[in-house]
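Peer 1: Pasting a predicted model and its sequence here:
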Amino acid sequence: MAKQLTVFVENRPGRMKSVSDILLENRLNIWAFAIQDRGEFGLMKLIVDRPEQARLVLADHGFACALKEVLAVTAPDRPGNLDRLTTALLDSNVDIADAYGFVTPNDRQGVCFLEIKNATGVDLEAVVTAAGFAVLRDEDLYAS
Amino acid sequence: MDVAFWNREIETMDRQRLTELQVTRLRDTLDQALHTPFYRRRLEKSGIRSGQDLGRLEELRALPFTTKDDLRKSFPFGLLAVDFSEVVRLHSSSGTTGVPTVIYLTQDDLDRWTDLVARCVVATGCTSKDVFQNMMTYGLFTGGLGLHYGAERVGMTVIPIGGGNTQRQIRVMKDFKTTVVHITPSYLLHIHSRLAEFDTRPEDLSLRRAFVGAEPHSENTRKKLEDLYGIDAYNSYGLSEMNGPGVAFECVYKQDMHIWEDAYVVEIIDPATGEVLDDGQKGELVLTILTRRAMPLLRYRTRDLAFLHAEPCPCGRTHRRLSRILGRTDDMLIINGVNVFPSQIEEVVMAVPEVGTNYQIQVDKVGALDRLTVKVEIYPKMFTGDAALLDRLKARIAEKLRASITINPRVELHEPGVLPAFEGKAKRVVDNRQEM
């Protein structure tokens, strides 16, 4: 499964840049990100090309960060696709804690990252595949 | 100006007789103190085996001070001087480092305390015709019950409403035509700011006087309260170790607080050297209680900074007057009338595994009230990335703090390393409150 790196960042100017600076210095590539604002702090969620290394270098700089498995789903960019996906997940009684996505400009492919709750005993990949979508696997995401 | 007395003989006693009375009562107090293991050891070291070994009042100065720490170390029974079955009441304060302190009273002690409070109340011009709404907290805190009993003894109609619930406070003031309130200055200002919301103007109230206490405040704040409500506001002083409210109170002339010297030996000392200072000199207030058999305390260091006036008051009372409290010799904070030590907060937050090594305490004014914010750093190893867990962590810290200090704080989570590292206590407390 895709690995999301969550970084606890103080809500003040320059903190996001400190994170991106460290990632740049270490030649880490950011594929997707989202920020959850919680008042005095925010949670920066990153999908990067080498998650474990990104975690280590950020922790080295004193950041509180954690890796978590998220569901990465691809779908063609067509109206109604997100609705089909959320319907399928709802029917399986799993909760979406957080989600963010984008569409690649060239091949019009949608990519969606989902933080799932209450998924114990549910074969997420089967649910997603049955709905007509593909789950990105480690070999699709991360070079060996 | 009309001056009334509760006990004219004592309140206007000439200074020499007052000193003689102090010596007599101090000897009794020493005898009583010798019943406790704590003082027996100490007094015998100072050559006192009976109260009669004390000659002049000044000889008290040769005895060591008693501190809050002594009270903690003696918890729970080390300073109890009577059989526990004689105790009819105890009051306790939460500990600054986990160990609380406790004060015991016999029925006679309680009666004498009540009598002092009755003196205070009458000195402000209150009579049995007054309706007294006591907005101080009841319970282990002495502020509520102390004034309650004194006002009852004077025959006032007492409404034991306690603190909080502004809407009900305003309604009760109107329903029963309350003439006197006992309250912290900040809460009285807060109530004023909310009168309009409940369709009430100050002139709709029957209020004539306020006893304000539990929080140091300035002459400007008093004037402001008096102008806003059209009342007289009287400053008061007390601390649980000396029973509670009723130690010192202003008379109708409102020129600082008469401190009842038949009940307390009053000293002002240099907090650094312990040397006794003259009247008019600012220093730490040190009190010896003369009217409590269950638990005598000799030369107790209050940590409050103030000075004494010896010049006669136009009211005729001969007991010296105590200035407003000008500060503290320790780091105690007073937040909405509640005493809070930073060490109490430290103890709570440092016991939470998800919290890192640094924290900061911030106090702000929001309207008339104080707001406490406790900022903590998260501990990276316990971080999971789950936002809901962080919310629960905040709620858990807030609840633990509320249980310890009785104040509901705002809790903020911060990145490791952003709060000032520990370099003495001053930096850990940021007090942004300005004079009201």
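Peer 2: Alright, I've got the coordinates.
Peer 1: who's the closest residue to A:Thr104 other than its chain neighbours bridged to?
Peer 2: Spatial nearest neighbour of A:Thr104, chain neighbours left out: A:Val111 (6.9 Å); criterion: C-beta to C-beta, 6 or more residues apart in numbering or on different chains. Bear in mind the C-beta positions are built from the backbone N, C-alpha and C, glycine included. Note on A:Val111: beta-bridge partners by DSSP bridges are A:Thr74, A:Phe102.
Peer 1: is it true that B:Ser193 touches B:Leu228?
Peer 2: No: using C-beta atoms under 8 Å, B:Ser193 is not in contact with B:Leu228; the gap is 9.3 Å.
Peer 1: near chain B, which residues of chain A show up?
Peer 2: A:4, A:6, A:8-10, A:15, A:36, A:38-41, A:43, A:45, A:59, A:62-68, A:97-98 (C-beta under 8 Å from any C-beta of the partner chain).
Peer 1: what's the helix or strand for whatever residue of chain A ends up closest to chain B?
Peer 2: Going by C-beta to the nearest C-beta, chain B is nearest to A:Thr6 of chain A, at 3.1 Å. Using DSSP states H and E, the element containing A:Thr6 is strand A:2-10.
Peer 1: How about B:Gln360?
Peer 2: strand B:355-366.
Peer 1: moving C-terminal of that strand, what's the next helix or strand?
Peer 2: Counting by DSSP H and E, the next helix or strand C-terminal to strand B:355-366 is strand B:369-378.
Peer 1: That next one and chain A in contact?
Peer 2: Yes: Strand B:369-378 lies within reach of chain A by C-beta under 8 Å from any C-beta, at B:375, B:378.
Peer 1: And the helices in the stretch 251-400 of chain B, which stretches?
Peer 2: For the stretch 251-400 of chain B, applying DSSP state H, counting those that start in this stretch gives helices covering B:342-350, B:387-405.
Peer 1: Point out the most buried one among the ones you listed.
Peer 2: Neighbour counts (mean count of other C-beta atoms under 10 Å in any protein chain shown) averaged over each of those peak at helix B:342-350, with a mean of 19.
Peer 1: For chain A, what's its nearest residue on the stretch 251-400 of chain B.
Peer 2: Residue nearest to chain A within the stretch 251-400 of chain B (C-beta to the nearest C-beta): B:Gly385, separated by 3.1 Å.
Peer 1: Quick one, which of the residues of chain A next to chain B are buried?
Peer 2: A:4, A:6, A:8-10, A:15, A:36, A:40-41, A:43, A:45, A:59, A:63-66, A:68, A:97-98 (16 or more other C-beta atoms under 10 Å in any protein chain shown).
Peer 1: Can I take it that B:Leu140 is in a strand?
Peer 2: No: judged by DSSP: H, G, I helix; E, B strand; the rest coil, B:Leu140 forms no part of a strand; its state is coil.
Peer 1: Quickly note the distance from it to B:Val252.
Peer 2: Per C-beta to C-beta, to the nearest Å, B:Leu140 is found 32 Å from B:Val252.
Peer 1: just B:Val430 next, same as before
Peer 2: From B:Val430 over to B:Val252 the distance is 40 Å, taken as C-beta to C-beta.
Peer 1: who's more crowded, these two?
Peer 2: Between B:Val430 and B:Val252, counted using other C-beta atoms under 10 Å in any protein chain shown, B:Val252 has the larger neighbour count: 18 against 14.
Peer 1: ok, now which ones touch the more buried one?
Peer 2: Contact partners of B:Val252, counting by C-beta atoms under 8 Å, 6 or more residues apart in numbering or on different chains, are B:1-3, B:123-125, B:232, B:315.
Peer 1: Tabulate the residues you listed (JSON lines), appending neighbour count.
Peer 2: Output for the contacts of B:Val252, formatted as JSON lines (neighbours: other C-beta atoms under 10 Å in any protein chain shown):
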{"residue": "B:Met1", "neighbour count": "8"}
{"residue": "B:Asp2", "neighbour count": "5"}
{"residue": "B:Val3", "neighbour count": "18"}
{"residue": "B:Ala123", "neighbour count": "23"}
{"residue": "B:Thr124", "neighbour count": "22"}
{"residue": "B:Gly125", "neighbour count": "18"}
{"residue": "B:Asp232", "neighbour count": "18"}
{"residue": "B:Cys315", "neighbour count": "19"}
